[in-house]
Every structure is written in C-alpha cells, then in structure tokens.
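> quick one, what's the 3D model for this:
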Amino acid sequence: MNDSDPAARSRAARALAEAGRHDEAERAFAQLLDEAPDDADALNFLALRAHARGDAGQALRLLEHARRAHADDAVTLGNLGVLYRERGRLDEAHEVLTRAVHREPDAFFARLRLGETLQALGRDADALPAYFGAIVAAQRHGAWFDDASTPPPLRPLVRHAMRFVATGRRELFSALLAPLRERHGGAALARVERGLAMYLGDEPLAYGPAKQRPTFLYVPDLPSPRYFERELFPWYDALEAQAPAIRAEMLAALAQSRGFEPFLGRIDDPQRLREQLHSERGTPTWDAYFFFRHGERHDEHARQCPRTAAALDAAPLCRIREHAPEVCYSLLAPGTHILPHHGVTNTRVVTHLPLRVPDGDLALEVGGERRHWEEGRCFSFDDTYEHEAWNRSDETRVVMLLDAWNPYLSEIERDALTALIAAIGDFNRAAAV
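As a prediction, this is how the structure comes out:
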C-alpha cells in the first residue's frame, strides 16, 4: 500500500472499522484528515465516534464540515439528520433527511429517521409512507425481519414503525371504503374487505387452486375459473364484429414498423430477460402497440387506428387511474416462449381477440389448461393462474389484448376496488415502493 495515497489510507481505515478495530480505525481516520481534511468517510466515522462518547458538539462540527464539502452525500445527510433530530432541530432534520432519501432512495435508515422526525413534527400522515418505505427497503436488503436482523439500538424504533404502519394503513384504506360501506352495507363489500385484510397481512392468504398466485391483490370467494364462459361477456359480439377493421389497422401499423415496444419494457439485465422470455431462434420478441398502458391512453395510436379506438371505447374495460387498463396489439415473434408467470389480481381478467394466428405449434396455457387462438373469436382468462404462451410457428402471432373486470364482481365491488387500488398506488408512490 502507498502510505501517501489518501484513497488507500481511507480503504485501510475502513477495513479496520469493518473488522471491529474501532480505536485503530479512529486513529487512522484522524491521521487521514491531516492530509485530506474533506474526506467524507473520515469525517463521518469520527463524528459517530464523538457522538458515542457523548460529544455531540464535536460530532455536529464534523458532520457540518462534511456537508459543506459533500453537499449531496447521502450518508452525511442521514447522520446529520439524526443529530439534528436528537438536538430538537426538527425542521433542519426534516430538510437533510429528505435530501438524503431523495439522493439515495434505498437509504432505509434515513427513511426510518425521516418518519420519526415527521411524527415529532406532528405530521403523522407523512410519517406513515416514510416508515413503510423504510421497512420495505430494509427487508429488500435482508434486514428488519426480526430482532436478529435488526441492530439492537434500532429495535425499539423499528418495532414502533411496524406497529404504526400496520395501524395506519388499515385505518387509511378502511376509511376509503367507509362511504360505500355506509351506503350499501357491510355485506356488499365483504369480499373486498377480506381481500384488503389479506393484502395488509391482517388475515392469512387463502388462495384458491394451487396454481393461482396473484402478485398483488386477491379477493377471496370470487369465482375465478381459468377460462371464463363466453356468455359472461355480452360485449364480445360487438368487438368481434369489428375484428376485420381492427386487423386491417393492426397490419397497417405493423407495416409502418413504428409505435411497437417491448411489452415488458426495456430490460437491460440479460438474466432477468431470460427468466421471462425464451427463444431457440435468437432473441425472443414480445412486442406491443399500446392503446392504454397502466391506464394511460396513447392518443397518437388511437388517432392512427380510429376503428380500433372506437371499438375499445365501446368495450367495458377495467379502468383504474394509473393502473388499468392495459390494451394493445400483442405480437409474439416466431420461436418466442413467454415463460410461466402470474398476473397481479383476480379482480380483472385478460381478454384476447386473435387477429393473426399462423399455422403451427402456438398456444396459451393457463393453470395447466391449454387453449388455441381462433382468429376473430374472443376469450378471457384469469392470469393470476400460472400461465405461459408460445409461438413455435414461422410467422408472427398477433392478438388484441385488453383488461376487463372479473364478471362476477358487483358494481359496488368494482367501485370499491377502483378507489382502493388507486389509493394503494398513491400510497406506495409516496413511500417510494
């Protein structure tokens, strides 16, 4: 090691600290500051040591020096926020902890302390998503599952945060349903209420058949066959009557080679892509020409395909702000296999209107039950069952894919779910989840 190299000396000091040789690390970092007075690691470590000795003034001087030298360093901002909080400087603590979280969204310690500070400021509504985001981020990194995975000094605050989150989320979402409950009675919302209780962890998950595993929200006692009977969707006939016009607009869009994008979004990680798509003929391709994505209408595509847009406007799509529907021309290239996976909720069903079905080995399998597409003939399925699709033909398969409500839901339940799912999305966004 080159003893005159500050970076090497910093690494050596960090190694001493990580080995638990704190006195030696403190001496090493103190020596490093003589040569590199703005070193962030040294300033933070020495501040923590001063704080542990009860010298809050020295800790504060070191951390404020570090902040002047490194204004956006998340570790410095987090440590400084804790010190400000302890000294009752709540507004300053809120400012720096907010900046720390903005700078490093996965900084779960800073998120936890931000929640604590917001509570101290009397802002419980804002503390709730801060605590929730802290817990989710920590557990994503393998921490805070139990006492063994939580540092002893943090255990009381983590336990408090978990209790606060459990109570707060329950009250928040239950209050959202209160007007419908008062107007229509508790029985009308019983299935939705149980689904919410399972989502919140207040009731054990009690899924239906073995292959049904929604990744988000499960409403119990809601009939969810793998494939639904055609008679449950009286609007099929009108949509199928427009199939020739929809097919013509799809072919025109395909010929332009514009507007199509990967259905799964841009995936830069090759391993993640291999977990979702497979092909023995090169790069697997599952593309989409979206009319709605996460509930947002693609107006340009609607203008390019007016007959399709009009048919969709007439269909009873599942509409939830920022969530549904998903509607697109769905293209599966030759040789592509969409690997087994599960959908998000049994409250909505996926409908296919097949537009281009080549000859060959291509099919959809839902919960172990296989079905083949017939051009111009709709069917709907519950994608919370494990399902997969493949196209082993030599041509591209195209279906119109769209979201509709589970037909066994009542109108009141649909209203409740529309409000509830949008509110969960708003809360999770505030929590950076």
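> where does residue 20 land on pLDDT?
As predicted, residue 20 sits at a pLDDT of 87.
> next: residue 9.
At residue 9, pLDDT is 83.
> got the contact list for the residue nearest to it when sequence neighbours are not counted?
When the adjacent residues along the chain are set aside, residue 9 lies closest to residue 32, with 5.1 Å between them (CB to CB, 6 or more residues apart in numbering). Any C-beta I mention is one placed from the backbone N, CA and C, and that applies to glycine too. Residue 32 makes contacts with 6, 9-10, 13, 39, 42, as judged by CB atoms under 8 Å, 6 or more residues apart in numbering.
> out of those, which sit inside strands?
Using DSSP state E to define strands, no part of the contacts of residue 32 is located there.
> widest-spaced pair of these?
6 and 13 (10.2 Å; CB to CB).
> of the two, which one has the most company?
Neighbour tally, residue 6 and residue 13, criterion other CB atoms under 10 Å: the higher count belongs to residue 13, 24 against 14.
> which ones are touching the closest residue to the more buried one other than its chain neighbours?
Leaving aside its chain neighbours, residue 13 sits nearest to residue 28 (3.8 Å; criterion: CB to CB, 6+ apart). Contact partners of residue 28, counting by CB under 8 Å, 6+ apart, are 9, 12-13, 16.
> which of these has the weakest pLDDT?
Within the contacts of residue 28, lowest confidence goes to residue 9 (83).
> from residue 42, how far out is that residue?
Separation of residue 9 from residue 42 (CB to CB, to the nearest Å): 9 Å.
> the more surrounded of these two?
residue 42 (28 against 21).
> out of everything not next to it in sequence, what's closest to the more buried one?
residue 29 (4.0 Å).
> tally of neighbours for the one you found?
Residues lying near residue 29 (other CB under 10 Å) number 24.
> show the model's pLDDT score for it.
At residue 29, the pLDDT value in this model is 90.
> you'd agree residue 400 is in a strand?
Yes - counting by DSSP: H, G, I helix; E, B strand; the rest coil, residue 400 is part of a strand.
> ok, now which ones touch it?
Counting by CB under 8 Å, 6+ apart, residue 400 touches 246, 250, 308, 327-330, 352-355.
> SS state for the residue nearest to residue 13?
Secondary structure assignment for residue 28 (three-state DSSP): helix.
> residue 328 sits in which helix or strand?
In the assignment (DSSP states H and E), residue 328 maps to strand 327-332.
> and the contacts of that strand?
250, 253-254, 260, 263, 285-293, 312, 317, 338, 352, 355, 362, 389-391, 396-403.
> partner strands of it and their direction?
Strand 327-332 has the following sheet partners, assigned by DSSP bridges: strand 286-293 (antiparallel), strand 397-405 (antiparallel).
> looking at those strands, which is buried most?
Ranked by mean neighbour count, the strands paired with strand 327-332 are led by strand 397-405 with a mean of 23 (mean count of other CB atoms under 10 Å).
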